[in-house]
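>>> Sequence first, predicted coordinates after that:
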Amino acid sequence: MTADEFRSLALSFPEALEDAHMGHPDFRVRGKIFATLGPDEDWGMVKLTTDQQATFLRTEPDVFHPASGAWGRRGCTIVRLREADEASVRQALIAAWRNTAPKRLAQHYDEE
């Protein structure tokens, strides 16, 4: 997967917008970050729950690993783009977007 493919998937969700912080792109829903691209755009990050993170780490350890420090212990998960495929990243981004989007927006998305 490329950074542009990650970006395209992240922006496919309702009300998803690209912004930036700390010198690299992030993806937000209603002002809250649900994913980022690393400064060199060779990795992404998705904000998962710790249970979701454990599942992705168990099923695809070559693709997903916890972010460093407290962020990783709270579910922020690094995606190695070169090793990732679209289906896995899409599932991780869906989870991250739903975790971050307001409940009513996430419910509306589920109904579509």
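Thanks, I have the structure now.
>>> and the residue nearest the centre of the chain, what are its bridge partners?
Nearest to the geometric centre of the chain sits residue 46, at 2.6 Å (CA atoms, centre = their mean). When bridges are called by DSSP bridges, residue 46 pairs up with residue 35, residue 77.
>>> thinking it is in contact with residue 77, fair?
Yes: if you go by CB atoms under 8 Å, residue 46 and residue 77 touch, sitting 5.3 Å apart. In short, each C-beta sits where N, CA and C put it, glycine included.
>>> Neighbours of residue 3, how many?
Residue 3 is flanked by 16 other residues according to other CB atoms under 10 Å.
>>> and it, what is it in contact with?
With contact taken as CB atoms under 8 Å, 6 or more residues apart in numbering, residue 3 is in contact with 37, 41-42, 44, 81.
>>> And stretch 9-25, what's buried?
By neighbour count with 16 or more other CB atoms under 10 Å, stretch 9-25 contains the buried residues 9-10, 13, 16, 25.
>>> So for the helix or strand that contains residue 97, mean pLDDT?
In this assignment (DSSP states H and E), residue 97 forms part of helix 86-100. The average pLDDT for helix 86-100 rounds to 96.
>>> can you pull the alpha-carbon coordinates of that helix into PDB?
C-alpha atoms of helix 86-100 as PDB (Å, rounded to 0.1, in the frame of the first residue of the first chain):
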ATOM      1  CA  GLU A  86      -6.000  -2.600   1.200                       C
ATOM      2  CA  ALA A  87      -8.400  -4.900   2.900                       C
ATOM      3  CA  SER A  88      -6.600  -4.900   6.200                       C
ATOM      4  CA  VAL A  89      -6.000  -1.100   6.200                       C
ATOM      5  CA  ARG A  90      -9.600  -0.500   5.300                       C
ATOM      6  CA  GLN A  91     -10.800  -2.500   8.300                       C
ATOM      7  CA  ALA A  92      -8.300  -0.700  10.600                       C
ATOM      8  CA  LEU A  93      -9.400   2.700   9.300                       C
ATOM      9  CA  ILE A  94     -13.100   1.800   9.600                       C
ATOM     10  CA  ALA A  95     -12.500   1.000  13.300                       C
ATOM     11  CA  ALA A  96     -10.500   4.100  13.900                       C
ATOM     12  CA  TRP A  97     -13.100   6.400  12.200                       C
ATOM     13  CA  ARG A  98     -15.900   4.800  14.200                       C
ATOM     14  CA  ASN A  99     -14.000   5.100  17.400                       C
ATOM     15  CA  THR A 100     -13.500   8.800  16.800                       C
END
